[in-house]
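Undergrad: This is a predicted model, with the sequence first.
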Amino acid sequence: MTIKNPVVNKVFNDLDAFRDFCRFEGPGYVFNEADLYKRDAPVWQAYQKWQNWKRAKARAESRKR
């Protein structure tokens, strides 16, 4: 079953990406669904910082070409 509502689909995609960050990238970060979109949660701040770093890295690599 696919989710047809784009807003709900984005939430689930963000939740999957956040879970993957906590599992693979973050040393010692505990995954908690309640921390999704919570700006004062340290794990969410680390996830946002990591996302921005990935975006900046991709942008820098595209400028090299």
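TA: Nice, thanks for sending it over.

Undergrad: Pick out the residue closest to the middle of the protein.
TA: Centroid-nearest residue in the chain, with Cα atoms, centre = their mean: Phe18, separated by 4.3 Å.

Undergrad: separation between that residue and Pro42?
TA: Using Cβ to Cβ, to the nearest Å, Phe18 is found at 13 Å from Pro42. (Each C-beta comes from the backbone N, C-alpha and C, glycine too.)

Undergrad: repeat for Lys49
TA: Taken as Cβ to Cβ, the span from Lys49 to Pro42 is 11 Å.

Undergrad: Equivalent analysis for Leu15, please.
TA: In terms of Cβ to Cβ, Leu15 sits 18 Å off from Pro42.

Undergrad: which one of those two has more residues nearby?
TA: Comparing Leu15 with Pro42 by other Cβ atoms under 10 Å, the one with more neighbours is Leu15, at 14 against 10.

Undergrad: Would you check that the more buried one makes contact with Asp35?
TA: No - the criterion here is Cβ atoms under 8 Å, and Leu15 misses it with Asp35 at 10.4 Å.

Undergrad: what's the closest non-adjacent residue to Asn32?
TA: Excluding its sequence neighbours, the residue lying closest to Asn32 (Cβ to Cβ, 6 or more residues apart in numbering) is Val43, at 7.3 Å.

Undergrad: Tell me which helix or strand that neighbour sits in.
TA: helix 42-64 (DSSP states H and E).

Undergrad: How far off centre is that helix?
TA: Relative to the centre of its chain, helix 42-64 is centred 10 Å away, using Cα atoms, centre = their mean, to the nearest Å.

Undergrad: Would you mind pulling the contact partners of it?
TA: 18, 21-22, 25-26, 29-32, 35-39 (Cβ atoms under 8 Å, 6 or more residues apart in numbering).

Undergrad: For it, what does the pLDDT average out to?
TA: The average of the pLDDT scores along helix 42-64 is 92.

Undergrad: do the same with stretch 25-33
TA: Stretch 25-33 shows a mean pLDDT of 87.
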